[in-house]
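J.: based on what follows, work out the 3D shape:
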Amino acid sequence: MSEAVPRAGASDPEGVPFDAVVLAGGRASRLGGASKPDVVVRGRRMLAHVLDAAHQARQAVVVGPPALEVPAGVRLTLEDPPDGGPAAGIAAGLAALEAPGDWVLLLACDVPLVAAAVPRLRDVAAARRDDPQLDGVMLVDADGREQPLVGLYRRAGLLAGLARLGAERGVRGASVRAVLAGLHVERLADEGASADVDTWEDVRRVDG
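T.: Modelled structure (predicted):
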């Protein structure tokens, strides 16, 4: 089955235009070292599900190992040196965007049900695009846990957070929350779209 490819120059007339950065690195230790983006859920690779969710992006970048297969039209990059953690991955993904726009959809590769959340994130960003106080919107799950890698953010805010981290301690090993610290990010209640797949038990649960 072919994978959906975010179309270069695509945009959503009903929401803010956005680029997409998908983090697909990490060691996946709880999956026995399996390549997490390649794990098949509901008959498709998890990365394919996540890229489908970003199909209206102007452009998409996947941050992952060089051997990872991505569809034509999607760029693949990796932080240097590798295994630098999510903040370093975000920095690498943003640097790989060509003529980037104002908004960036940040997604993890292990949230295969995320497509339902993206329109809701866009709706909030579109409604408040003229609000200079809003730096982004992320999901919060039913237990109150923030899901920063299911979020839509102003690129300027992400760059400011990365620059602050770089000046304080460097981005290597830093978390996504460290990047977002000090930014004004709205929380949006999740409706099940941010369920992540970290174990084979999670795979079975999502497969139903």
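J.: quick check: buried residues in the lowest-mean-pLDDT helix or strand in the chain?
T.: Ranked by mean pLDDT, DSSP states H and E, the weakest helix or strand in the chain is helix 200-207, scoring a mean of 80. Across helix 200-207, burial judged by 16 or more other C-beta atoms under 10 Å covers 202-203, 206. All C-beta spots, glycine's among them, are computed from the backbone N, C-alpha and C.
J.: mind putting these into TSV with distance to residue 41?
T.: Formatted as TSV, these follow (distance: C-beta to C-beta, whole Å):
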residue	distance to residue 41
202	9
203	6
206	5
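J.: relative to residue 137, which of those is nearest.
T.: Comparing the buried residues of helix 200-207 against residue 137 with C-beta to C-beta picks out residue 206 as the nearest, at 24.1 Å.
J.: longest strand of the chain?
T.: strand 146-154 (DSSP state E).
J.: show me where pLDDT drops low in the chain?
T.: Applying pLDDT under 70 to the chain flags residues 1-14, 26-32.
J.: show me where it has helices.
T.: Counting by DSSP state H, the chain has helices at residues 46-53, 86-96, 118-127, 155-168, 176-180, 200-207.
J.: rebuild those helices as TSV, extending it with distance to residue 71.
T.: What follows is the helices of the chain, written out as TSV (distance: least, C-beta to C-beta, whole Å):
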stretch	distance to residue 71
helix 46-53	7
helix 86-96	16
helix 118-127	18
helix 155-168	23
helix 176-180	25
helix 200-207	22
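J.: just the CA atoms of the longest strand of the chain, as CSV, please.
T.: Below are the C-alpha coordinates for strand 146-154, written out as CSV (Å, rounded to 0.1, in the frame of the first residue of the first chain):
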residue,chain,number,x,y,z
GLU,A,146,1.0,17.3,28.2
GLN,A,147,1.8,15.9,24.7
PRO,A,148,4.2,18.5,23.3
LEU,A,149,5.0,16.2,20.3
VAL,A,150,1.4,16.6,19.2
GLY,A,151,1.4,20.3,18.7
LEU,A,152,1.3,23.2,16.3
TYR,A,153,3.7,26.0,17.1
ARG,A,154,4.9,29.3,15.7
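J.: run through who's touching that strand.
T.: Contacts of strand 146-154 from elsewhere in the structure, counted by C-beta atoms under 8 Å, 6 or more residues apart in numbering, are 16, 18, 23, 86, 102-108, 111, 114, 117-118, 121-122, 124-125, 134-141, 176-177, 180, 183, 185, 187, 190, 193-194.
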